[in-house]
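>>> using only what follows, build the 3D model:
(chains A and B)
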Protein chains: 2
Amino acid sequence: MKATIFQAPGDVRVEQVPDPAIKEPADAIVRVTHACICGSDLWFYRGLTPFEPGWRTGHEWMGIVEEVGPDVRTIKKGDRVIAPFAFSDGDCEFCRKGLQTSCVRAGFWGMKNDGGQGEMVRAPYADANLVVLPQSIENDAALLKAVLPLTDVMGTGHHAAVSAGVGKGATAAVVGDGAVGLCGVLAARRLGAERIIVLGHQAGRMELAKRFGATDLVISSGDEAFGRVMEMTKGGADAVLECVGTSDSLNSAINICRPGCRVGFVGVPHYNAEMDFKRMFFQNIALQGGVAPVRAYIPELLTDVLGGRLDPSPVLDLTVDLDGVPEGYRAMDTREAIKVMVMV
Amino acid sequence: MKATIFQAPGDVRVEQVPDPAIKEPADAIVRVTHACICGSDLWFYRGLTPFEPGWRTGHEWMGIVEEVGPDVRTIKKGDRVIAPFAFSDGDCEFCRKGLQTSCVRAGFWGMKNDGGQGEMVRAPYADANLVVLPQSIENDAALLKAVLPLTDVMGTGHHAAVSAGVGKGATAAVVGDGAVGLCGVLAARRLGAERIIVLGHQAGRMELAKRFGATDLVISSGDEAFGRVMEMTKGGADAVLECVGTSDSLNSAINICRPGCRVGFVGVPHYNAEMDFKRMFFQNIALQGGVAPVRAYIPELLTDVLGGRLDPSPVLDLTVDLDGVPEGYRAMDTREAIKVMVMV
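As a prediction, the model looks like this:
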C-alpha cells in the first residue's frame, strides 16, 4: 500500500510500504478513505520535535473496515468507522474514567504504527477505539467531512471548553484562531456560552470564527489584546480556552481570566511553561486540560453532527489526494490552509 | 497601644503606636486577645519579599469588639470575633461567589492597616468579615486555641484539599509538613480521604501529621520521594495538596499526581513557576487553588471545631505574649516552632 513517510524536516513522501495485517486478536484492518493533516504535524515537519526518518504520519482518519481479528465483537467488515487520534485498550482504570489518552496501553497512530495518511491502518483494540457510523451517511460527502474533525480538532476544542468550565450564559475567551481554536468556538457555543471572544491574528480565520459563533474578535496581541479583553469583559472572561501551546499564549490566557475561573488548555506545549504564577495564585485561576480524550467525546459530538447541529467541516479548507499530502503540509506550513483534508 | 512593627529583615519590634479609631461607618474596633505568627510572615522577615520599615505585622487574630460604627448590624461591643486573614466588602461579585480574597475592595491586615500582632485593630466591613463566636467558649482556652487557626492555616489547608478535589475514599498526598500542610492533612481526612501520604522533612512535624490522620510518611525529597509515592499508590495520588510554594514543591506535586487528577496549590509562590508542563499536558493534571478565601470556609470549619470534630491547635506549638513576638519570629525562622500563638 501507499503511506506517507517522514524523511526529514520539510520532507514527507508518499511511498510504497507493506500492507498491514492482523497481529492481535482484537485488531482490525481499516482502509482509510479520509484523513487530515494536523497543526501538531507541523512540529515534526518543522524539525521542532524529534521524529525519526521512516516514521509514518497522520493521526486523524476514517475509513472502511477490511478485516477484523477473532476477538472483535462490535465492528465488522464493511463498517465505516472513525478513530480518535490516540488508541487505548478501553479497559484500564483511565479508559473507564473517560481519560483514554492516559490508558496504560495507549498509543498514537503514525510513528512506528500505521498512520492515517496512508491507504490502510492496523487498528489495535478495535472495539474500544473505532466508532461505527450509520450506513445512511455513506453517500453524503458533506456529512462525512463534518464527522472527520471528531477524530481530533473538534474533540480537542470541546476538551478545552469542558476543561475551562464553559457553562450557560458564560463569557468565554478563545486564545488562538487555528483549527482547534475555531472548534473551541463551536464547542463554547454548544455548551451555552453567551459571549465568545476570539484572540487571533489572521483575518480569514477570524471571519470563520464569527461564522462559528464568536461574538467579539480581537486581532492583536500582547498588552493591547489584554487591555481590550479586560475592558470588554469588565475584568476578565468566565472561561478561557488556550488553543495554541506557547508560553505567551498560556500567559495571555491566564491574564484574561476572571478571578476564580479556569483556563482550559489543549495547545500541545513545546516548552516548560514559565508562568505568571502570582496572578494564578492571587486570583485563584485554575489550569485544567491537556491532551484531549477524544474517544470519550465522539458519541455526543457525533450525535450533534449527524443531527445537523454541529458542523466543524469549514476548518478543512483545502483538500488533496494521497499523493498531494506533501503539498498539503506545505500549504499548512505557510498558513495558506487552516487544515487539510486528504481524500485517500 | 502596642503593636509589632517591621524595621528591617530579621528585626520586628513591639512599639507604641496611636490607638485605632472608627473611620468608616462599617468599621469595628477590636481588642486582640490571640494572634499568630504565620509561615508567610517569614518571607518579609527574611527579606525575601518587599516590606517597608514601619509597616504593621500580623494577619491572624481574634479578639473582643470594643466599638462599632453606625452601619454595623451583626456585631456588637463585647462580642468575641475571629477574622479571616484578608478582609473584603462582602458585597461584590467575588464575595458573593465565596472568593472574598478577590474582592474588589480586598485588603490584608498589617502593612499600612492595623496588624493582628498588636493590641487593637480597626476592622473595615465588620459585618462581612468578623465572625462572632458563642459566649459559651469564652473561658475554654483549649477551644479558643482550636478556633484560632481558622483565621488562616486551617482554612488554607482546607482550600488545598477542596481545590485538589479530595473526596471520600481518595488517596491524597500532601506536599509540605508546615502548619498549612498539617492542616491539609486534617482537611483531607475531614473530606473523606482514606489514605493520606505526607511528604516532608522534619520528623517532629511528621509525627504530628500522623496524629492528624496521615497514613503514610515520606521523609525524603526529590526523585526518591517521587519513586516511593508512585510505588505505594501504583501510579500517583488521586489528589495532591501543594502546601509549600516553591518551584520544586510544585513540580513534586505534579509528578505524584495520578493522570486526570488535580493539584490543589496554596503555598504562596515566590517565583514564576518553571513547570513540567508536558506531564501536566499529557496526563491531564490540573492545577487549582491560590490564596484561600478563608472567610467562606470559617462557618463550616467552626461548626466542626465547636463540635469537637476538628482540632488544628497542635500546630501552635509555642506561645508568647505580645512582647515576645520578636522571639516568636526567631523561633519560627529557625524552625524551633511550627507556628507561634501570641497571647496579647
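>>> switch to C-alpha atoms for all contacts and neighbour counts from now on
OK.
>>> ends of stretch A:171-181, how far apart?
End-to-end span of stretch A:171-181 (Cα to Cα, to the nearest Å): 15 Å.
>>> and the contacts of it?
For stretch A:171-181, contacts defined as Cα atoms under 8 Å, 6 or more residues apart in numbering or on different chains pick out A:39, A:153-154, A:156-157, A:166, A:182, A:184-185, A:188, A:193-202, A:205-206, A:209, A:233, A:237-244, A:249, A:252-253, A:315, A:338-339.
>>> buried subset of these as a PyMOL selection?
Those of the contacts of stretch A:171-181 that count as buried under 16 or more other Cα atoms under 10 Å in any protein chain shown are selected in PyMOL with:
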select buried, chain A and resi 39+153+154+156+157+166+182+184+185+188+193+194+195+196+197+198+199+200+201+205+206+209+233+237+238+239+240+241+242+243+244+249+252+253+315+338+339
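>>> okay, and which of the contacts of stretch A:171-181 map to strands?
Judged by DSSP state E, the contacts of stretch A:171-181 include A:195-200, A:237-242, A:339 as members of strands.
>>> for chain B, what is the nearest residue in the stretch 101-250 of chain A?
Here the stretch 101-250 of chain A gets closest to chain B at one residue, residue A:102, 5.9 Å apart by Cα to the nearest Cα.
>>> and that residue, how many neighbours does it have?
Counted with other Cα atoms under 10 Å in any protein chain shown, residues neighbouring residue A:102 total 26.
>>> which residues touch it?
Contacts of residue A:102 (Cα under 8 Å, 6+ apart): A:94-95, B:259, B:282-283.
>>> ok, 7 Å please
A:94, B:259, B:283 (Cα atoms under 7 Å, 6 or more residues apart in numbering or on different chains).
>>> same question, residue A:5
A:12-15, A:54-57.
>>> name the nearest residue to it, sequence neighbours excluded.
Excluding its sequence neighbours, the residue lying closest to residue A:5 (Cα to Cα, 6 or more residues apart in numbering or on different chains) is residue A:56, at 4.8 Å.
>>> so which residues on the stretch 151-300 of chain A come close to chain B?
A:259-260, A:269, A:272-278, A:280-291 (Cα under 7 Å from any Cα of the partner chain).
>>> return the subset of the residues you listed lying in helices.
Judged by DSSP state H, helices contain the following of these: A:277-278, A:280-282.
>>> just among those residues, which is most surrounded?
residue A:280 (26 neighbours).
>>> who's in contact with that one?
A:254, A:286, B:290.
>>> which members of the ones in strands among the contacts of stretch A:171-181 are the farthest-apart pair?
Maximum pairwise distance in those, criterion Cα to Cα, is 28.8 Å, between A:238 and A:339.
>>> can you tell me which of the ones in helices among the residues of the stretch 151-300 of chain A next to chain B is closest to residue B:31?
The closest of these, once distances to residue B:31 are taken by Cα to Cα, is residue A:282, at 29.0 Å.
>>> the stretch 1-150 of chain A against chain B: which residues are in contact?
Contacts of the stretch 1-150 of chain A with chain B, taken as Cα under 7 Å from any Cα, map to A:99, A:102.
>>> just the helices from the stretch 1-150 of chain A, written as ranges.
Ranges of helices in the stretch 1-150 of chain A, per DSSP state H, counting those that start in this stretch, are A:41-45, A:93-96, A:126-129, A:141-147.
>>> tell me which stretches of the stretch 201-344 of chain A form helices.
A:203-212, A:222-233, A:247-255, A:277-282, A:294-306, A:325-333.
>>> shaky segments in chain A?
A:271-273 (pLDDT under 70).
>>> recalculate using a threshold of 90.
Counting by pLDDT under 90, the low-confidence segments of chain A come to A:49, A:219-226, A:245-248, A:267-278.
>>> per-domain residue ranges of it.
A:2-152+A:293-343, A:153-289 (automatic domain parsing).
>>> tell me, how many residues neighbour residue A:54?
Other residues close to residue A:54 by other Cα under 10 Å number 15.
>>> wait, residue A:64 touches residue A:78, no?
Yes: contact criterion Cα atoms under 7 Å: residue A:64 and residue A:78 qualify, at 5.7 Å.
>>> who has more neighbours, those two?
Each of residue A:64 and residue A:78 has its neighbours counted (other Cα under 10 Å); residue A:64 has more, 21 against 14.
>>> write down the beta-bridge partners of the more buried one, one by one.
residue A:31, residue A:80 (DSSP bridges).
>>> residues touching it, list them.
Counted by Cα under 7 Å, 6+ apart, residue A:64 has contacts A:30-32, A:78-81.
>>> name the nearest of those relative to chain B.
Out of the contacts of residue A:64, the member with the shortest distance to chain B (by Cα to the nearest Cα) is residue A:81, at 25.6 Å.
>>> so that closest one sits against residue A:129, correct?
No: counting by Cα under 7 Å, residue A:81 stays clear of residue A:129, with 9.4 Å between them.
>>> tell me how far residue A:296 lies from residue B:94.
34 Å.
>>> count the residues that sit near the residue nearest to residue A:74 when sequence neighbours are not counted.
Once flanking residues are discounted, residue A:74 sits nearest to residue A:127: 5.7 Å by Cα to Cα, 6+ apart. Residue A:127 has 21 neighbouring residues, counting by other Cα under 10 Å.
>>> over to residue A:131?
Residue A:131 has 21 neighbouring residues, counting by other Cα under 10 Å.
>>> tell me who's in contact with the residue sitting furthest away from the middle of chain A.
The outermost residue of chain A relative to its centre, with distances by Cα atoms, centre = their mean, is residue A:282 at 32.2 Å. Applying Cα under 7 Å, 6+ apart to residue A:282 gives the contacts B:290-291.
>>> one step back: name the member of the contacts of residue A:102 with the most neighbours.
Neighbour counts for these, by other Cα under 10 Å, peak at residue B:259, which reaches 25 neighbours.
>>> would you list the phi and psi of the closest residue to that residue other than its chain neighbours?
In space, residue B:259 comes closest to residue B:283 once its chain neighbours are excluded; the distance is 4.6 Å by Cα to Cα, 6+ apart. With angles defined as degrees, to the nearest 10, residue B:283 sits at phi -110, psi 10.
>>> go ahead and confirm residue B:283 touches residue B:262.
No: Residue B:283 lies out of contact with residue B:262 (Cα under 7 Å); the separation is 10.6 Å.
>>> residue A:1 and residue A:80: what is the separation?
19 Å.
>>> in CSV: the contacts of residue A:102, plus distance to residue A:301.
Shown next, in CSV, are the contacts of residue A:102 (distance: Cα to Cα, whole Å):
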residue, distance to residue A:301
A:94, 21
B:259, 24
B:283, 23
